[in-house]
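Q: I'd like to go over a predicted model; first the sequence, then the structure.
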Amino acid sequence: MGREGGGASGRGPCVAGPGACRRQPPVAGLGGLGPWLQCLFPQPGMADSAQAQKLVYLVTGGCGFLGEHVVRMLLQQEPQLRELRIFDLHLGPWLEELKTGPVQVTAIQGDVTQAHEVAAAVAGAHVVIHTAGLVDVFGKTSPETIHEVNVQGTRNVIEACVQTGTRFLVYTSSMEVVGPNIKGQPFYRGNENTPYEAVHRHPYPCSKALAEQLVLEANGRKVLGGLPLVTCALRPTGIYGEGHQIMRDFYHQGLRLGGRLFRAIPASVEHGRVYVGNVAWMHVLVARELEHRAALMGGQVYFCYDNSPYKSYEDFNMEFLGPCGLRLVGTRPLLPYWLLLFLAALNVLLQWLLRPLLLYAPLLNPYTLAMANTTFTVSTDKARRHFGYEPLFSWEESRTRTIRWVQAVEGSAQ
Ligand SMILES: NC(=O)C1=CN([C@@H]2O[C@H](COP(=O)(O)OP(=O)(O)OC[C@H]3O[C@@H](n4cnc5c(N)ncnc54)[C@H](O)[C@@H]3O)[C@@H](O)[C@H]2O)C=CC1
Ligand SMILES: C[C@@H](CO)CCC[C@@H](C)[C@H]1CC[C@H]2[C@@H]3[C@H](O)CC4=CC(=O)CC[C@]4(C)[C@H]3CC[C@]12C
(Lines give C-alpha, C1' and ligand atoms only; values in the text may rest on other atoms or scores of the structure.)
(Ligands and ions follow the chains in the order given, each with its own letter.)
Protein backbone atom coordinates (compact mmCIF):
# COMPACT_ATOMS: atom_id res chain seq x y z
CA MET A 1 0.00 0.00 0.00
CA GLY A 2 1.18 3.44 -0.83
CA ARG A 3 4.65 2.63 -2.20
CA GLU A 4 5.28 6.26 -2.90
CA GLY A 5 7.91 7.07 -5.49
CA GLY A 6 8.88 3.44 -6.01
CA GLY A 7 7.60 2.97 -9.54
CA ALA A 8 8.74 -0.64 -9.30
CA SER A 9 5.39 -2.27 -9.96
CA GLY A 10 4.21 -3.68 -13.26
CA ARG A 11 2.51 -0.40 -13.99
CA GLY A 12 5.36 1.74 -12.73
CA PRO A 13 7.39 2.50 -15.87
CA CYS A 14 4.74 4.78 -17.30
CA VAL A 15 5.44 7.28 -14.59
CA ALA A 16 8.66 8.08 -16.36
CA GLY A 17 6.62 9.76 -19.06
CA PRO A 18 4.13 8.95 -21.74
CA GLY A 19 6.71 7.88 -24.28
CA ALA A 20 7.68 4.95 -22.12
CA CYS A 21 4.34 3.24 -22.36
CA ARG A 22 2.85 4.50 -25.61
CA ARG A 23 1.93 1.53 -27.68
CA GLN A 24 -0.06 3.22 -30.39
CA PRO A 25 -0.44 6.72 -31.77
CA PRO A 26 -2.57 8.69 -29.36
CA VAL A 27 -6.32 8.42 -29.52
CA ALA A 28 -8.20 10.74 -31.73
CA GLY A 29 -11.43 10.81 -33.56
CA LEU A 30 -14.89 11.12 -32.14
CA GLY A 31 -18.46 11.48 -33.07
CA GLY A 32 -18.39 8.81 -35.77
CA LEU A 33 -16.65 11.11 -38.26
CA GLY A 34 -15.03 9.42 -41.24
CA PRO A 35 -11.41 10.59 -41.01
CA TRP A 36 -11.24 9.59 -37.40
CA LEU A 37 -12.67 6.12 -37.71
CA GLN A 38 -9.24 4.66 -38.39
CA CYS A 39 -8.44 5.34 -34.77
CA LEU A 40 -11.32 3.32 -33.45
CA PHE A 41 -9.35 0.10 -33.25
CA PRO A 42 -6.36 1.04 -31.19
CA GLN A 43 -5.85 -2.19 -29.36
CA PRO A 44 -3.74 -4.65 -31.38
CA GLY A 45 -0.52 -3.44 -29.79
CA MET A 46 -1.87 -4.42 -26.45
CA ALA A 47 -2.34 -8.00 -27.53
CA ASP A 48 1.45 -8.24 -27.79
CA SER A 49 1.79 -7.16 -24.22
CA ALA A 50 3.26 -9.80 -21.98
CA GLN A 51 1.61 -8.20 -18.99
CA ALA A 52 -1.38 -9.95 -17.50
CA GLN A 53 -4.68 -8.31 -18.28
CA LYS A 54 -6.41 -8.44 -14.98
CA LEU A 55 -7.97 -5.12 -14.12
CA VAL A 56 -11.60 -4.09 -14.36
CA TYR A 57 -12.24 -0.37 -14.81
CA LEU A 58 -15.53 1.47 -14.73
CA VAL A 59 -15.93 4.84 -16.43
CA THR A 60 -19.13 6.66 -15.55
CA GLY A 61 -20.21 9.20 -18.16
CA GLY A 62 -18.08 7.20 -20.60
CA CYS A 63 -20.10 8.38 -23.58
CA GLY A 64 -19.66 12.08 -22.89
CA PHE A 65 -17.14 14.45 -24.42
CA LEU A 66 -14.40 13.72 -21.90
CA GLY A 67 -15.63 10.22 -21.04
CA GLU A 68 -15.23 8.97 -24.61
CA HIS A 69 -11.62 10.18 -24.67
CA VAL A 70 -10.97 8.49 -21.32
CA VAL A 71 -12.45 5.25 -22.64
CA ARG A 72 -10.33 5.30 -25.80
CA MET A 73 -7.24 6.31 -23.89
CA LEU A 74 -7.68 3.44 -21.44
CA LEU A 75 -8.01 0.94 -24.27
CA GLN A 76 -4.84 2.29 -25.79
CA GLN A 77 -2.69 2.97 -22.80
CA GLU A 78 -3.67 0.61 -20.00
CA PRO A 79 -2.11 -2.78 -20.73
CA GLN A 80 -3.47 -4.39 -17.59
CA LEU A 81 -7.06 -3.84 -18.55
CA ARG A 82 -9.22 -6.95 -18.76
CA GLU A 83 -12.67 -5.39 -18.74
CA LEU A 84 -13.79 -1.84 -19.34
CA ARG A 85 -17.27 -0.97 -18.17
CA ILE A 86 -18.86 2.11 -19.64
CA PHE A 87 -21.76 3.47 -17.66
CA ASP A 88 -23.86 6.27 -19.09
CA LEU A 89 -27.42 7.51 -19.26
CA HIS A 90 -27.09 7.56 -23.05
CA LEU A 91 -24.93 4.97 -24.74
CA GLY A 92 -23.25 5.93 -28.02
CA PRO A 93 -23.40 3.66 -31.10
CA TRP A 94 -19.58 3.94 -31.42
CA LEU A 95 -19.25 1.59 -28.44
CA GLU A 96 -20.07 -1.36 -30.67
CA GLU A 97 -16.81 -0.90 -32.56
CA LEU A 98 -14.79 -1.17 -29.37
CA LYS A 99 -16.18 -4.59 -28.60
CA THR A 100 -14.00 -6.35 -31.16
CA GLY A 101 -10.71 -5.82 -29.31
CA PRO A 102 -9.00 -7.97 -26.68
CA VAL A 103 -10.42 -5.99 -23.78
CA GLN A 104 -13.96 -6.86 -22.80
CA VAL A 105 -16.00 -3.69 -23.26
CA THR A 106 -19.24 -3.72 -21.30
CA ALA A 107 -21.74 -0.97 -22.03
CA ILE A 108 -24.13 -0.27 -19.18
CA GLN A 109 -27.03 2.06 -19.69
CA GLY A 110 -27.72 3.54 -16.26
CA ASP A 111 -28.35 6.57 -14.13
CA VAL A 112 -25.92 7.69 -11.42
CA THR A 113 -28.82 8.98 -9.36
CA GLN A 114 -30.07 5.39 -8.99
CA ALA A 115 -27.96 3.84 -6.23
CA HIS A 116 -28.79 0.25 -7.17
CA GLU A 117 -27.78 0.76 -10.80
CA VAL A 118 -24.49 2.29 -9.73
CA ALA A 119 -23.79 -0.48 -7.22
CA ALA A 120 -24.42 -3.16 -9.83
CA ALA A 121 -22.01 -1.47 -12.25
CA VAL A 122 -19.31 -0.90 -9.62
CA ALA A 123 -19.37 -4.42 -8.15
CA GLY A 124 -16.13 -6.19 -9.03
CA ALA A 125 -14.40 -3.12 -10.52
CA HIS A 126 -10.88 -2.32 -9.34
CA VAL A 127 -11.00 1.32 -10.33
CA VAL A 128 -13.84 3.77 -10.91
CA ILE A 129 -13.32 6.90 -12.98
CA HIS A 130 -16.34 9.07 -12.29
CA THR A 131 -16.76 11.62 -15.07
CA ALA A 132 -20.55 11.53 -15.33
CA GLY A 133 -22.11 14.85 -14.59
CA LEU A 134 -24.53 17.48 -15.70
CA VAL A 135 -22.53 20.29 -17.25
CA ASP A 136 -25.01 23.11 -17.48
CA VAL A 137 -24.26 26.79 -17.08
CA PHE A 138 -26.94 27.83 -19.55
CA GLY A 139 -30.08 27.18 -17.51
CA LYS A 140 -31.13 24.10 -19.47
CA THR A 141 -31.80 22.02 -16.37
CA SER A 142 -33.11 22.86 -12.93
CA PRO A 143 -30.69 23.45 -10.03
CA GLU A 144 -32.31 20.46 -8.29
CA THR A 145 -31.49 18.14 -11.16
CA ILE A 146 -27.92 19.43 -11.36
CA HIS A 147 -27.55 18.76 -7.64
CA GLU A 148 -29.16 15.35 -7.90
CA VAL A 149 -26.87 14.17 -10.70
CA ASN A 150 -23.62 15.81 -9.62
CA VAL A 151 -23.87 15.49 -5.85
CA GLN A 152 -26.20 12.57 -5.15
CA GLY A 153 -24.76 10.74 -8.17
CA THR A 154 -21.28 11.10 -6.72
CA ARG A 155 -22.49 10.03 -3.29
CA ASN A 156 -23.95 6.90 -4.90
CA VAL A 157 -20.63 6.14 -6.58
CA ILE A 158 -18.75 6.48 -3.30
CA GLU A 159 -21.23 4.30 -1.42
CA ALA A 160 -21.10 1.70 -4.17
CA CYS A 161 -17.30 1.57 -3.85
CA VAL A 162 -17.57 1.16 -0.09
CA GLN A 163 -20.27 -1.51 -0.26
CA THR A 164 -18.75 -3.58 -3.03
CA GLY A 165 -15.07 -3.31 -2.09
CA THR A 166 -13.75 -1.09 -4.90
CA ARG A 167 -10.69 0.72 -3.61
CA PHE A 168 -9.73 3.34 -6.19
CA LEU A 169 -11.89 6.26 -7.20
CA VAL A 170 -10.90 9.07 -9.54
CA TYR A 171 -13.33 11.96 -9.71
CA THR A 172 -13.54 14.52 -12.52
CA SER A 173 -14.00 17.76 -10.68
CA SER A 174 -13.57 21.18 -12.30
CA MET A 175 -11.63 24.42 -12.06
CA GLU A 176 -15.03 25.86 -11.21
CA VAL A 177 -14.74 24.37 -7.74
CA VAL A 178 -12.19 27.13 -7.17
CA GLY A 179 -13.41 29.90 -9.41
CA PRO A 180 -13.89 32.39 -10.86
CA ASN A 181 -15.78 33.38 -7.71
CA ILE A 182 -18.84 35.61 -7.44
CA LYS A 183 -16.63 38.65 -6.89
CA GLY A 184 -14.94 38.11 -10.24
CA GLN A 185 -11.49 38.13 -8.67
CA PRO A 186 -8.72 37.03 -11.02
CA PHE A 187 -6.89 33.78 -10.45
CA TYR A 188 -3.66 34.33 -12.33
CA ARG A 189 -1.36 31.36 -12.97
CA GLY A 190 -2.44 29.85 -9.67
CA ASN A 191 -1.76 26.37 -8.37
CA GLU A 192 -3.54 23.96 -6.04
CA ASN A 193 -2.28 25.91 -3.00
CA THR A 194 -2.96 29.43 -4.20
CA PRO A 195 -5.22 31.21 -1.73
CA TYR A 196 -8.48 32.22 -3.36
CA GLU A 197 -11.93 32.96 -2.02
CA ALA A 198 -13.91 30.13 -3.62
CA VAL A 199 -17.47 31.35 -3.20
CA HIS A 200 -20.16 30.33 -5.67
CA ARG A 201 -23.86 30.74 -6.17
CA HIS A 202 -24.43 29.09 -9.52
CA PRO A 203 -25.80 25.52 -9.24
CA TYR A 204 -23.08 23.96 -11.42
CA PRO A 205 -19.95 25.07 -9.49
CA CYS A 206 -21.81 24.59 -6.20
CA SER A 207 -22.61 21.00 -7.14
CA LYS A 208 -19.07 20.28 -8.32
CA ALA A 209 -17.62 21.72 -5.11
CA LEU A 210 -19.93 19.63 -2.93
CA ALA A 211 -19.24 16.49 -4.92
CA GLU A 212 -15.49 17.04 -4.80
CA GLN A 213 -15.68 17.48 -1.05
CA LEU A 214 -17.57 14.18 -0.72
CA VAL A 215 -14.92 12.41 -2.77
CA LEU A 216 -12.02 13.82 -0.80
CA GLU A 217 -13.68 13.09 2.54
CA ALA A 218 -14.25 9.51 1.44
CA ASN A 219 -10.52 8.93 1.12
CA GLY A 220 -9.50 6.40 3.77
CA ARG A 221 -12.97 4.98 4.39
CA LYS A 222 -12.94 1.23 4.80
CA VAL A 223 -14.46 -0.63 1.89
CA LEU A 224 -15.90 -4.14 1.95
CA GLY A 225 -13.01 -6.38 2.98
CA GLY A 226 -11.54 -3.77 5.32
CA LEU A 227 -9.05 -2.01 3.07
CA PRO A 228 -9.14 1.78 2.70
CA LEU A 229 -10.70 3.63 -0.20
CA VAL A 230 -8.23 5.84 -2.09
CA THR A 231 -9.73 8.82 -3.88
CA CYS A 232 -8.59 11.89 -5.68
CA ALA A 233 -10.07 14.68 -7.76
CA LEU A 234 -8.92 16.16 -11.06
CA ARG A 235 -9.85 19.72 -11.85
CA PRO A 236 -9.74 20.44 -15.57
CA THR A 237 -9.82 24.03 -16.73
CA GLY A 238 -11.99 24.64 -19.80
CA ILE A 239 -11.59 21.49 -21.90
CA TYR A 240 -11.34 21.69 -25.69
CA GLY A 241 -10.78 19.20 -28.47
CA GLU A 242 -12.61 16.70 -30.64
CA GLY A 243 -16.25 16.48 -29.61
CA HIS A 244 -16.45 19.83 -27.80
CA GLN A 245 -20.05 20.94 -28.11
CA ILE A 246 -19.48 24.61 -27.24
CA MET A 247 -16.77 24.89 -29.90
CA ARG A 248 -19.26 23.42 -32.35
CA ASP A 249 -21.85 25.99 -31.23
CA PHE A 250 -19.40 28.87 -31.76
CA TYR A 251 -18.49 27.49 -35.15
CA HIS A 252 -22.09 27.29 -36.30
CA GLN A 253 -22.82 30.72 -34.87
CA GLY A 254 -19.89 32.09 -36.90
CA LEU A 255 -21.18 30.43 -40.05
CA ARG A 256 -24.63 31.94 -39.48
CA LEU A 257 -23.02 35.38 -39.09
CA GLY A 258 -21.31 35.15 -42.47
CA GLY A 259 -18.01 33.74 -41.24
CA ARG A 260 -17.59 36.30 -38.45
CA LEU A 261 -17.62 36.29 -34.69
CA PHE A 262 -17.73 39.56 -32.79
CA ARG A 263 -15.33 40.18 -29.96
CA ALA A 264 -17.14 40.53 -26.66
CA ILE A 265 -14.31 39.84 -24.21
CA PRO A 266 -11.13 41.93 -23.85
CA ALA A 267 -8.12 40.07 -25.24
CA SER A 268 -6.31 40.71 -21.95
CA VAL A 269 -8.60 38.39 -19.95
CA GLU A 270 -6.86 35.00 -19.81
CA HIS A 271 -8.86 31.80 -19.56
CA GLY A 272 -7.34 28.41 -18.72
CA ARG A 273 -7.84 25.71 -21.35
CA VAL A 274 -6.63 22.15 -21.60
CA TYR A 275 -6.76 19.61 -24.41
CA VAL A 276 -9.20 16.75 -23.87
CA GLY A 277 -6.60 14.11 -24.78
CA ASN A 278 -4.32 15.37 -22.04
CA VAL A 279 -7.17 15.46 -19.52
CA ALA A 280 -7.98 11.85 -20.45
CA TRP A 281 -4.32 10.87 -20.16
CA MET A 282 -4.15 12.41 -16.72
CA HIS A 283 -7.16 10.35 -15.64
CA VAL A 284 -5.50 7.16 -16.92
CA LEU A 285 -2.26 7.93 -15.11
CA VAL A 286 -3.98 8.82 -11.86
CA ALA A 287 -6.08 5.67 -12.00
CA ARG A 288 -2.94 3.62 -12.55
CA GLU A 289 -0.84 5.25 -9.88
CA LEU A 290 -3.39 5.59 -7.08
CA GLU A 291 -2.66 2.07 -5.90
CA HIS A 292 1.09 2.56 -5.78
CA ARG A 293 1.15 6.06 -4.39
CA ALA A 294 -1.91 5.96 -2.19
CA ALA A 295 -0.26 7.75 0.71
CA LEU A 296 0.84 10.62 -1.51
CA MET A 297 -2.11 10.89 -3.86
CA GLY A 298 -5.06 9.84 -1.72
CA GLY A 299 -7.37 12.76 -0.90
CA GLN A 300 -5.50 15.11 -3.24
CA VAL A 301 -6.71 17.50 -5.91
CA TYR A 302 -4.87 18.16 -9.17
CA PHE A 303 -5.52 20.81 -11.76
CA CYS A 304 -5.47 19.40 -15.29
CA TYR A 305 -3.03 21.37 -17.37
CA ASP A 306 -0.89 21.18 -20.48
CA ASN A 307 1.00 23.57 -22.72
CA SER A 308 -2.01 25.23 -24.30
CA PRO A 309 -1.38 28.98 -24.44
CA TYR A 310 -2.96 31.48 -22.07
CA LYS A 311 -5.44 33.53 -24.05
CA SER A 312 -8.91 34.97 -23.78
CA TYR A 313 -11.72 32.47 -24.33
CA GLU A 314 -12.52 33.95 -27.73
CA ASP A 315 -8.93 34.32 -28.92
CA PHE A 316 -8.25 30.76 -27.90
CA ASN A 317 -11.24 29.47 -29.87
CA MET A 318 -9.95 31.36 -32.89
CA GLU A 319 -6.85 29.15 -32.87
CA PHE A 320 -9.17 26.51 -34.32
CA LEU A 321 -11.99 28.47 -35.86
CA GLY A 322 -9.62 30.84 -37.70
CA PRO A 323 -8.09 28.06 -39.82
CA CYS A 324 -11.65 26.90 -40.53
CA GLY A 325 -12.51 30.20 -42.15
CA LEU A 326 -13.96 32.28 -39.31
CA ARG A 327 -12.78 35.76 -38.37
CA LEU A 328 -12.99 37.50 -34.99
CA VAL A 329 -14.06 41.07 -35.64
CA GLY A 330 -12.60 43.81 -33.45
CA THR A 331 -9.43 44.21 -31.45
CA ARG A 332 -11.56 45.40 -28.53
CA PRO A 333 -15.06 44.33 -27.44
CA LEU A 334 -17.55 45.79 -29.86
CA LEU A 335 -20.16 46.36 -27.17
CA PRO A 336 -19.53 48.01 -23.80
CA TYR A 337 -19.64 45.66 -20.82
CA TRP A 338 -22.79 47.26 -19.38
CA LEU A 339 -24.64 46.56 -22.62
CA LEU A 340 -23.47 42.95 -22.67
CA LEU A 341 -24.62 42.59 -19.11
CA PHE A 342 -27.98 44.04 -20.06
CA LEU A 343 -28.29 41.58 -22.96
CA ALA A 344 -27.24 38.74 -20.69
CA ALA A 345 -29.95 39.72 -18.20
CA LEU A 346 -32.45 40.01 -21.03
CA ASN A 347 -31.59 36.46 -22.05
CA VAL A 348 -32.41 35.28 -18.55
CA LEU A 349 -35.76 37.04 -18.70
CA LEU A 350 -36.49 35.59 -22.13
CA GLN A 351 -35.52 32.14 -20.94
CA TRP A 352 -38.01 32.45 -18.10
CA LEU A 353 -40.80 33.87 -20.25
CA LEU A 354 -40.37 31.30 -23.00
CA ARG A 355 -39.95 28.32 -20.70
CA PRO A 356 -43.57 27.14 -21.03
CA LEU A 357 -43.17 27.12 -24.82
CA LEU A 358 -39.56 26.25 -25.58
CA LEU A 359 -36.09 25.96 -24.13
CA TYR A 360 -34.21 29.18 -24.82
CA ALA A 361 -30.63 28.69 -23.63
CA PRO A 362 -28.19 31.00 -25.41
CA LEU A 363 -24.45 31.07 -24.68
CA LEU A 364 -24.67 34.54 -23.17
CA ASN A 365 -26.04 34.91 -19.65
CA PRO A 366 -24.73 36.79 -16.62
CA TYR A 367 -22.84 33.75 -15.38
CA THR A 368 -21.10 32.85 -18.65
CA LEU A 369 -20.30 36.52 -19.21
CA ALA A 370 -18.68 36.73 -15.78
CA MET A 371 -16.79 33.50 -16.45
CA ALA A 372 -15.46 34.65 -19.77
CA ASN A 373 -14.60 38.09 -18.35
CA THR A 374 -12.55 36.91 -15.39
CA THR A 375 -8.96 35.80 -15.67
CA PHE A 376 -8.56 32.24 -14.47
CA THR A 377 -5.35 30.44 -15.39
CA VAL A 378 -3.35 27.73 -13.69
CA SER A 379 0.37 27.13 -13.57
CA THR A 380 1.35 24.07 -11.61
CA ASP A 381 3.48 20.94 -11.73
CA LYS A 382 1.78 19.01 -8.95
CA ALA A 383 0.65 16.24 -11.29
CA ARG A 384 4.19 15.81 -12.58
CA ARG A 385 5.64 15.70 -9.10
CA HIS A 386 3.05 13.29 -7.72
CA PHE A 387 2.55 10.84 -10.54
CA GLY A 388 4.88 11.73 -13.38
CA TYR A 389 2.32 13.42 -15.62
CA GLU A 390 3.60 15.05 -18.77
CA PRO A 391 1.13 16.08 -21.45
CA LEU A 392 0.79 13.33 -24.04
CA PHE A 393 -0.11 15.84 -26.74
CA SER A 394 1.90 18.96 -27.49
CA TRP A 395 0.04 22.20 -28.09
CA GLU A 396 0.71 21.86 -31.82
CA GLU A 397 -0.76 18.36 -31.89
CA SER A 398 -3.75 19.38 -29.81
CA ARG A 399 -4.36 22.33 -32.09
CA THR A 400 -4.03 20.30 -35.28
CA ARG A 401 -6.34 17.58 -34.03
CA THR A 402 -8.95 20.09 -32.96
CA ILE A 403 -8.78 21.97 -36.26
CA ARG A 404 -9.16 18.70 -38.20
CA TRP A 405 -12.17 17.87 -36.10
CA VAL A 406 -13.82 21.26 -36.68
CA GLN A 407 -13.16 20.80 -40.40
CA ALA A 408 -14.82 17.40 -40.24
CA VAL A 409 -17.78 18.94 -38.42
CA GLU A 410 -17.98 21.45 -41.26
CA GLY A 411 -17.82 18.64 -43.83
CA SER A 412 -20.52 16.63 -42.12
CA ALA A 413 -22.76 19.72 -41.76
CA GLN A 414 -22.85 20.34 -45.50
N1 LIG B 1 -16.38 20.40 -20.47
C2 LIG B 1 -15.54 21.07 -19.67
O3 LIG B 1 -14.93 22.08 -20.07
C4 LIG B 1 -15.29 20.57 -18.29
C5 LIG B 1 -15.94 19.46 -17.76
N6 LIG B 1 -15.66 19.05 -16.48
C7 LIG B 1 -16.29 17.86 -15.91
O8 LIG B 1 -15.96 16.75 -16.73
C9 LIG B 1 -17.02 15.80 -16.68
C10 LIG B 1 -17.42 15.44 -18.09
O11 LIG B 1 -17.86 16.61 -18.73
P12 LIG B 1 -18.15 16.68 -20.30
O13 LIG B 1 -17.57 15.49 -20.93
O14 LIG B 1 -17.78 18.02 -20.76
O15 LIG B 1 -19.72 16.60 -20.28
P16 LIG B 1 -20.70 15.71 -21.17
O17 LIG B 1 -22.07 16.23 -20.94
O18 LIG B 1 -20.22 15.63 -22.56
O19 LIG B 1 -20.55 14.28 -20.51
C20 LIG B 1 -21.19 13.92 -19.34
C21 LIG B 1 -21.70 12.51 -19.51
O22 LIG B 1 -22.37 12.15 -18.30
C23 LIG B 1 -23.56 11.50 -18.66
N24 LIG B 1 -24.55 11.67 -17.63
C25 LIG B 1 -25.23 12.79 -17.32
N26 LIG B 1 -26.13 12.54 -16.37
C27 LIG B 1 -26.00 11.22 -16.06
C28 LIG B 1 -26.67 10.38 -15.17
N29 LIG B 1 -27.65 10.82 -14.38
N30 LIG B 1 -26.28 9.10 -15.10
C31 LIG B 1 -25.31 8.63 -15.91
N32 LIG B 1 -24.67 9.37 -16.79
C33 LIG B 1 -25.02 10.67 -16.86
C34 LIG B 1 -24.01 12.15 -19.95
O35 LIG B 1 -24.91 11.31 -20.66
C36 LIG B 1 -22.70 12.38 -20.65
O37 LIG B 1 -22.38 11.30 -21.49
C38 LIG B 1 -18.15 16.42 -15.88
O39 LIG B 1 -18.14 15.87 -14.59
C40 LIG B 1 -17.79 17.91 -15.84
O41 LIG B 1 -18.26 18.50 -14.68
C42 LIG B 1 -14.74 19.70 -15.73
C43 LIG B 1 -14.08 20.78 -16.20
C44 LIG B 1 -14.30 21.31 -17.51
C1 LIG C 1 -19.87 36.04 -23.61
C2 LIG C 1 -19.63 35.14 -24.78
C3 LIG C 1 -19.15 35.97 -25.94
O4 LIG C 1 -18.59 35.30 -27.00
C5 LIG C 1 -18.63 34.07 -24.43
C6 LIG C 1 -19.26 33.03 -23.56
C7 LIG C 1 -18.27 31.95 -23.30
C8 LIG C 1 -18.82 30.94 -22.28
C9 LIG C 1 -19.91 30.14 -22.95
C10 LIG C 1 -17.69 30.09 -21.75
C11 LIG C 1 -16.63 30.96 -21.06
C12 LIG C 1 -16.01 30.12 -19.98
C13 LIG C 1 -16.59 28.75 -20.17
C14 LIG C 1 -16.60 27.79 -18.98
C15 LIG C 1 -15.20 27.56 -18.46
O16 LIG C 1 -14.35 27.07 -19.48
C17 LIG C 1 -15.16 26.61 -17.31
C18 LIG C 1 -16.05 25.46 -17.37
C19 LIG C 1 -15.77 24.41 -16.57
C20 LIG C 1 -16.61 23.31 -16.46
O21 LIG C 1 -16.45 22.49 -15.57
C22 LIG C 1 -17.74 23.15 -17.40
C23 LIG C 1 -17.72 24.11 -18.55
C24 LIG C 1 -17.32 25.51 -18.15
C25 LIG C 1 -18.39 26.01 -17.19
C26 LIG C 1 -17.21 26.43 -19.39
C27 LIG C 1 -18.61 26.66 -20.04
C28 LIG C 1 -18.60 27.71 -21.14
C29 LIG C 1 -18.01 29.04 -20.66
C30 LIG C 1 -18.89 29.65 -19.60
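A: Right, received. Where do you want to start? Residues are numbered from 1 along each chain as shown. Ligands and ions are numbered 1, 2, ... in the order given.

Q: In contact with the residue in the stretch 101-250 of the chain positioned nearest to ligand 2, which residues?
A: Using CB to the nearest ligand atom, the point where the stretch 101-250 of the chain gets nearest to ligand 2 is G238, with a distance of 2.5 Å. All C-beta atoms are positioned from the backbone trio N, CA, C, and that covers glycine. With contacts defined as CB atoms under 8 Å, 6 or more residues apart in numbering, G238 is in contact with 175, 271-274, 313.

Q: Who is it paired with across the strands?
A: Applying DSSP bridges to G238 gives these bridge partners: R273.

Q: circling back: got TSV for the contacts of G238, with neighbour count, distance to V128 and pLDDT too?
A: Below are these laid out as TSV (neighbours: other CB atoms under 10 Å; distance: CB to CB, whole Å; pLDDT from 0 to 100):
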residue	neighbour count	distance to V128	pLDDT
M175	25	22	96
H271	24	30	95
G272	25	26	95
R273	23	27	98
V274	25	22	98
Y313	22	32	96
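
Q: did I read that right, L255 in a helix?
A: Yes. Judged by DSSP: H, G, I helix; E, B strand; the rest coil, L255 forms part of a helix.

Q: The stretch 151-300 of the chain: helices as residue ranges?
A: Under the criterion DSSP state H, counting those that start in this stretch, the stretch 151-300 of the chain contains helices at 153-164, 203-218, 245-256, 276-289, 294-297.

Q: So which of those helices is the most surrounded?
A: Most buried of the helices of the stretch 151-300 of the chain, by mean neighbour count (mean count of other CB atoms under 10 Å): helix 276-289, with a mean of 27.

Q: separation between the nearest residue to G64 once chain neighbours are set aside and ligand 1?
A: Closest residue to G64 apart from its sequence neighbours, by CB to CB, 6 or more residues apart in numbering: T131 at 6.4 Å. Counting by CB to the nearest ligand atom, to the nearest Å, the gap from T131 to ligand 1 is 4 Å.

Q: And the pLDDT for T131?
A: If you check T131, the pLDDT there is 98.

Q: Return the residues in contact with it.
A: T131 neighbours (CB under 8 Å, 6+ apart): 59-62, 64, 66-67, 70, 172, 283.

Q: switch to 7 Å and redo it
A: 59-61, 64, 66-67, 70, 172 (CB atoms under 7 Å, 6 or more residues apart in numbering).

Q: and the residues you listed near ligand 1, which?
A: Contacts with ligand 1 are made by 61, 64, 66-67, 172 out of these, judged by CB under 6 Å from any ligand atom.

Q: is it true that L227 touches R167?
A: Yes. Assessed by CB atoms under 7 Å, L227 is found in contact with R167 at 5.7 Å.

Q: what helix or strand does E96 sit in?
A: With secondary structure defined by DSSP states H and E, E96 is part of helix 95-98.

Q: Run through the neighbouring helices and strands of the following helix or strand past that helix.
A: Following helix 95-98 in sequence order, the next helix or strand is strand 104-109 (DSSP H and E). Judged by 3 or more CB pairs under 7 Å, 6 or more residues apart in numbering; DSSP states H and E, strand 104-109 is in contact with strand 81-88, helix 95-98.

Q: from the contacts of G238, which is closest to G101?
A: V274 (27.6 Å; CB to CB).

Q: Next, the contact list for the closest one, please.
A: Neighbours of V274 in contact, by CB under 7 Å, 6+ apart: 236-237, 239, 304-306, 308.

Q: Keep only those residues that also lie close to ligand 1.
A: Okay, of the contacts of V274 touching ligand 1 (CB under 6 Å from any ligand atom), that's 236, 239.

Q: As a markdown table, the contacts of V274 with pLDDT would be great.
A: Converted to a markdown table, the contacts of V274 look like this (pLDDT from 0 to 100):
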| residue | pLDDT |
| --- | --- |
| P236 | 98 |
| T237 | 97 |
| I239 | 98 |
| C304 | 98 |
| Y305 | 97 |
| D306 | 97 |
| S308 | 98 |
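
Q: So H283 sits against A233, correct?
A: No. Counting by CB under 7 Å, H283 sits too far from A233 to count as a contact (11.0 Å).

Q: can the helix holding E96 be found next to ligand 1?
A: No. Judged by CB under 6 Å from any ligand atom, helix 95-98 stays clear of ligand 1, getting no closer than 11.6 Å.

Q: What mean pLDDT does that helix get?
A: Rounded mean pLDDT across helix 95-98 is 95.

Q: Need the residues that contact that helix.
A: With contacts defined as CB under 7 Å, 6+ apart, helix 95-98 is touched by 40, 75, 86, 105, 107.

Q: which of those residues lies closest to ligand 1?
A: I86 (9.7 Å).

Q: Now the residue positioned nearest the centre of the chain: phi and psi?
A: By CA atoms, centre = their mean, the chain has its centre lying nearest to L66, at 4.5 Å. L66 has phi and psi values of phi -70, psi -40 when expressed as degrees, to the nearest 10.

Q: now it: how far from S173?
A: Note on L66: its distance to S173, by CB to CB, to the nearest Å, is 12 Å.

Q: near ligand 2, which residues of the stretch 151-300 of the chain?
A: Applying CB under 6 Å from any ligand atom, we find that the stretch 151-300 of the chain lies next to ligand 2 at 174-176, 238, 246, 264-265.

Q: Between all of those residues, which two are separated the most?
A: S174 and A264 (22.8 Å).

Q: Residue of the stretch 51-200 of the chain nearest ligand 1, please.
A: Counting by CB to the nearest ligand atom, the stretch 51-200 of the chain gets nearest to ligand 1 through G64 (2.0 Å).

Q: give me the number of residues near that residue?
A: For G64, the count of nearby residues is 23 (other CB atoms under 10 Å).

Q: Who does the strand or helix carrying V59 pair with, and is each partner parallel or antiparallel?
A: V59 is part of strand 55-60 when elements are defined by DSSP H and E. When sheet partners are counted by DSSP bridges, strand 55-60 sits next to strand 81-88 (parallel), strand 127-130 (parallel).

Q: which of those strands is buried the deepest?
A: Buried most deeply of those, by mean count of other CB under 10 Å, is strand 127-130, with a mean of 28.

Q: ok, now which ones touch the closest residue to K222 other than its chain neighbours?
A: Leaving aside its chain neighbours, K222 sits nearest to P228 (6.1 Å; criterion: CB to CB, 6+ apart). By CB under 7 Å, 6+ apart, the contact list for P228 reads 220-222.

Q: Fine, thanks again, bye for now.
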